[in-house]
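Chemist: Provided below for reference: sequence and predicted model.
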Amino acid sequence: MFRRILVLKILEISIFVTGDVVKKLQKKVEEVIVDKKRLEKRVKSVEAENSSLKDRVEADQVDTDILKVWIAELEEEKAQRDEQNEYFKLKNKELEAINVKKEHEMYMMNKVLESLIGKSVEQRFEEI
């Protein structure tokens, strides 16, 4: 009989301990479930933010691509204008050389006329 009582007491203690452990485990499970729900909300929030950021990145990439095309067009236009400027510089030098040559020819013609008429061209114009 003593043995039965002892076995029952041990079982009772074992049940008590097991029940206490089960309660602790249930509490832990509930805490894990609450944490899981909180984390799921956070994940949804982060995913929404991520989606928004992806959209902004895509829009920024489109803007960047447009700007790259615009820059390429402007660089091409600048290169064309630089070529035109070089052409006009050369043309200007050519015209200056022609002008200097014409002025020299005019000077020489005046000298020839002066030697022929014996007076400067300006004096002859005043006489006429």
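Modeler: Happy to help now that I have it.

Chemist: Tell me the first helix or strand C-terminal of the biggest helix by length in the chain.
Modeler: Using DSSP state H to define each element, the chain has its longest helix at helix 2-117. In the C-terminal direction, the helix or strand that comes right after helix 2-117 (DSSP states H and E) is helix 121-127.

Chemist: ok, and what's touching that next one?
Modeler: N110, L113, E114, I117, K119 (CB atoms under 8 Å, 6 or more residues apart in numbering). Every C-beta, even on glycine, is put in place using the N, C-alpha and C of the backbone.

Chemist: can you pull the buried residues of the helix or strand of the chain with the lowest mean pLDDT?
Modeler: One helix or strand of the chain scores below all others by mean pLDDT, DSSP states H and E: helix 121-127, with a mean of 74. For helix 121-127, a neighbour-count test (16 or more other CB atoms under 10 Å) marks nothing as buried.

Chemist: CA atoms only for it, dumped as CSV, please.
Modeler: Extracted as CSV, the C-alpha positions of helix 121-127 are listed here (Å, rounded to 0.1, in the frame of the first residue of the first chain):
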residue,chain,number,x,y,z
VAL,A,121,46.9,111.0,-104.9
GLU,A,122,45.2,113.0,-102.2
GLN,A,123,46.6,116.3,-103.5
ARG,A,124,45.5,115.4,-107.0
PHE,A,125,41.9,114.7,-105.7
GLU,A,126,41.9,118.1,-104.0
GLU,A,127,42.9,119.8,-107.2
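
Chemist: how distant is it from the center of its chain?
Modeler: 73 Å (CA atoms, centre = their mean, to the nearest Å).

Chemist: still on that earlier bit, out of the contacts of helix 121-127, grab the one that's most surrounded.
Modeler: Most neighbours among these, by other CB atoms under 10 Å: E114, with 15 neighbours.
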